[in-house]
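J.: I'd like to go over a predicted model; first the sequence, then the structure.
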Amino acid sequence: MAKQDYYEVLGVSKNASDAEIKKAYRRAAQKYHPDRNPDDATAEEKFKLAKEAYEILSNAQKRAAYDQFGHAGVDPSMGGHGPGAGGFGGGASFSDIFGDVFGDIFGGGGGRGGQRVYRGADLRYNLELSLEDAVRGTTVKIRVPTFTSCNTCGGSGAKKGTQPTTCTTCGGHGQVRMQQGFFSVQQTCPRCNGTGSIIGDPCGDCHGQGRVKEQKTLSVKVPAGVDTGDRIRLANEGEAGENGGPPGDLYVQIQVKDHPIFKRDDANLYCEVPISIVTAALGGELEVPTLDGRVSLKIPPETQTGKLFRMRGKGVKPVRGSAVGDLLCRVVVETPVKLSSEQKDLLRQLEDSMKNHGKHSPQHHSWLDGVKNFFDSMKF
């Protein structure tokens, strides 16, 4: 089966610069790395092929041989004798690729002549806010359980007064090289487990980990206008890194609690306003709440249930800078309950006085006409 062209694998042209080739490899590595695609054999194969393509094209001699002879110029199994033949020999080794590329992508570090360090994990904190606090903004104190650098040993993991020693098996690289035929394969050092150092006398507080678990209190400034799903990033407030690595970040996830009166839709607020049948029929004026206080709402005569009244500028100014929204009040005509005998008689008298339902109840009249037409057309 013919091997795929290395330039096509990385999605670059044959005139691509070294920087373009490296950028394309980073992109492919992020997309197909096995850690991000567990149990996906296809992704793993694409990852291996991208790594192989990068190893050839990032080396000037191997790339020249590949451009001149194709795969035969760099693959010894195909009889290649060019300067690029010989697997991982010469040029950029696999450890170089790993340190340059995967250290940036997956948080690794070091690996060349020193102890390997790792960036701390990012954390997430779910913060519940009232609608009022979300709209106006607030400052909240939160307590976050996390790993922080051990003060006793300064994050080294070694007992105070001592220092970790360089692992003699890997020479401090955290990885050892194994020769397998034409290929030189890197793997995690079995003695130091990839740290590059050995702790002979561990710190009693962190037990050699360099980190301790504790609760820390943070002040979170919540900007005005946030909504459910928004995130606030607190840089370097995540878990401490390993072996002196940089800390991760803390992401505060906003969740706005349900409000007893208002519902929010982006910049607008909605509420239902119950009105009496007298107010609906004759009109009137009533007070309605807003997040800024009470305002007066005029109800015109003959208002029906479901009518929306817009109060401009009484909504929310979203955090991303849009204009202030509106408050939309939906009126609901409320049927009176627990009527006295006298009140019931008055309602019957009112009904008798409105014998022309087409005049006083236009919706009811048109609905009855629609029902009649429906039954006539069905011919039951």
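T.: Thanks, I have the structure now. Because the structure is a prediction, the values reported are computed rather than measured.
J.: which residue packs closest to residue 252, ignoring adjacent ones?
T.: Distances taken as C-beta to C-beta, 6 or more residues apart in numbering place residue 232 nearest to residue 252, at 4.2 Å, with adjacent residues excluded. All C-beta atoms are positioned from the backbone trio N, CA, C, and that covers glycine.
J.: which SSE is that neighbour in?
T.: Using DSSP states H and E, residue 232 falls within strand 231-234.
J.: give me the buried positions along that strand.
T.: Residues of strand 231-234 classed as buried by neighbour count (16 or more other C-beta atoms under 10 Å): 232, 234.
J.: pretty sure the residue nearest to residue 252 is touching residue 249, no?
T.: No: shown here, residue 232 and residue 249 do not form a contact pair, counting by C-beta atoms under 8 Å, at 10.5 Å.
J.: helices of this protein, residue ranges please.
T.: 6-10, 18-32, 41-57, 60-69, 94-97, 103-106, 131-136, 277-282, 341-353, 357-360, 362-378 (DSSP state H).
J.: if I look at residue 204, how far off is residue 240?
T.: Residue 204 sits 18 Å away from residue 240, going by C-beta to C-beta, to the nearest Å.
J.: same thing with residue 262?
T.: Using C-beta to C-beta, residue 262 is found at 42 Å from residue 240.
J.: more neighbours: which of the two?
T.: residue 240 (23 against 20; other C-beta atoms under 10 Å).
J.: contact partners for the more buried one?
T.: Shown in contact with residue 240 (C-beta atoms under 8 Å, 6 or more residues apart in numbering): 120, 146, 147, 148, 149, 155, 210, 211, 247.
J.: can you flag which of the residues you listed belong to strands?
T.: The members of these that map onto strands under DSSP state E are 146, 147, 148, 149, 211.
J.: and which of those is nearest to residue 314?
T.: Proximity of these to residue 314 (C-beta to C-beta) peaks at residue 146, which lies at 41.0 Å.
J.: what is the burial count for the closest one?
T.: If we define neighbours as other C-beta under 10 Å, then residue 146 has 23 of them.
J.: if I look at it, what pLDDT would I see?
T.: If you check residue 146, the pLDDT there is 79.
J.: for it, give me its contacts.
T.: 123, 213, 214, 215, 216, 237, 238, 239, 240, 250 are the contacts of residue 146 under C-beta under 8 Å, 6+ apart.
J.: and those, which are buried?
T.: 123, 237, 238, 239, 240, 250.
J.: bridging residues for the residue lying closest to the second one once chain neighbours are set aside?
T.: If the residues on either side of it in the chain are set aside, residue 237 comes closest to residue 250, at 3.9 Å by C-beta to C-beta, 6+ apart. According to DSSP bridges, the partner residues bridging residue 250 are residue 123, residue 234.
J.: what's the answer for the one 4 residues further on, then?
T.: Per DSSP bridges, residues listed as beta-bridge partners of residue 254: residue 127.
J.: the chain should start at 404 in everything you say after this.
T.: Sounds good: first residue 404 from here, last item residue 657.
J.: return the distance of it relative to residue 422.
T.: Remark: distance between residue 657 and residue 422 (C-beta to C-beta) = 39 Å.
J.: okay, these two: which has more neighbours?
T.: Just comparing residue 657 and residue 422: by other C-beta under 10 Å the higher neighbour count belongs to residue 657, 19 against 8.
J.: rewinding a little: and the contacts of residue 643 as a markdown table, adding distance to residue 779?
T.: Shown next, in a markdown table, are these (distance: C-beta to C-beta, whole Å):
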| residue | distance to residue 779 |
| --- | --- |
| 523 | 76 |
| 549 | 74 |
| 550 | 77 |
| 551 | 80 |
| 552 | 84 |
| 558 | 87 |
| 613 | 86 |
| 614 | 81 |
| 650 | 77 |
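J.: just curious, which of these is nearest to residue 455?
T.: Nearest to residue 455 among the contacts of residue 643 is residue 523, at 32.3 Å by C-beta to C-beta.
J.: quick check: the closest one touching residue 638?
T.: No: the criterion here is C-beta under 8 Å, and residue 523 misses it with residue 638 at 11.8 Å.
J.: returning to what we had before: from the ones in strands among the contacts of residue 643, which two are the most distant?
T.: The span of these, defined through C-beta to C-beta, is set by 549 and 552 at 10.8 Å.
J.: what residues sit buried inside stretch 449-465?
T.: Result for stretch 449-465 [16+ other C-beta under 10 Å]: buried residues 449-450, 452-462, 465.
J.: burial count for residue 564?
T.: Residue 564 sits with 7 neighbouring residues when counted by other C-beta under 10 Å.
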